[in-house]
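*Asks:* Sequence and predicted model, in that order:
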Amino acid sequence: AQSVTQPDIHITVSEGASLELRCNYSYGATPYLFWYVQSPGQGLQLLLKYFSGDTLVQGIKGFEAEFKRSQSSFNLRKPSVHWSDAAEYFCAVGAPSYGNKLVFGAGTILRVKS
Amino acid sequence: DTAVSQTPKYLVTQMGNDKSIKCEQNLGHDTMYWYKQDSKKFLKIMFSYNNKELIINETVPNRFSPKSPDKAHLNLHINSLELGDSAVYFCASSQDANQPQHFGDGTRLSIL
């Protein structure tokens, strides 16, 4: 069965600073990997996805993530954070062979200070 | 246009009652899902339907019963509500196993 670990519960960065949110996964085959963002009281919005091919994927809102098979990681990055990026971020691994269920990490809350 | 819509957005009720949450998607997707997000924001899948057929049924009490009248709708009925059922329930849909899931805004269920 697949699992996802997001080691950081909270991260605080200054506006304009760079950001990296960590995600490690466990899955027996090539995973489908996702990052979602959830603002307070809202649903989850897909930021980006990795299925195959280029290991550096670009997403919406200036986010990118890099799949590193050797490290079982899929870290999310943004070069310059904006105050509107403050939200909770969830990494997820999908398993098409298991009915495409998503297994989520526990989430990382991002705070942006001005 | 809302892609995945859930009703109601908020549901406050008493222990022991029976309630339903409705979900509709207008994306033409074949697969729909129900997830539960607990008070610690942990998200876990409950059910998945593909073309009205149940394909995922995680370890969920049988008080929870999903129903899919057609592939655009997946409703969740909960019998004999308990305090531990308080959570946010999210509906999602995807075209198939190789496509990402799109989520609704959630239904916040509070049990008094």
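*Replies:* Happy to help now that I have it.
*Asks:* Report the beta-bridge partners for residue B:102.
*Replies:* In this entry, residue B:102 is beta-bridged to residue B:93, by DSSP bridges.
*Asks:* In contact with it, which residues?
*Replies:* Residue B:102 makes contacts with A:46, B:3, B:4, B:25, B:27, B:29, B:92, B:93, B:94, as judged by CB atoms under 8 Å, 6 or more residues apart in numbering or on different chains. No exception for glycine: its C-beta is placed from N, CA and C like everyone else's.
*Asks:* If any of the residues you listed are buried, give me the PyMOL selection for them.
*Replies:* The PyMOL command for the buried members of these (criterion: 16 or more other CB atoms under 10 Å in any protein chain shown) is given here:
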select buried, (chain A and resi 46) or (chain B and resi 4+25+29+92+93+94)
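*Asks:* Check the secondary structure at residue A:61 for me.
*Replies:* Here residue A:61 is helix, with the state taken from DSSP: H, G, I helix; E, B strand; the rest coil.
*Asks:* measure it to chain B for me?
*Replies:* Per CB to the nearest CB, to the nearest Å, residue A:61 is found 16 Å from chain B.
*Asks:* what number of residues lie near that residue?
*Replies:* 12 (other CB atoms under 10 Å in any protein chain shown).
*Asks:* for the contacts of residue B:102, which one is nearest residue B:59?
*Replies:* Proximity of the contacts of residue B:102 to residue B:59 (CB to CB) peaks at residue B:92, which lies at 19.0 Å.
*Asks:* so what pLDDT did that closest one get?
*Replies:* Looking at residue B:92, its pLDDT is 95.
*Asks:* roughly how far apart are it and chain A?
*Replies:* From residue B:92 to chain A the distance is 8 Å (CB to the nearest CB).
*Asks:* Residue B:31 now?
*Replies:* Here residue B:31 is placed at a distance of 6 Å from chain A (CB to the nearest CB).
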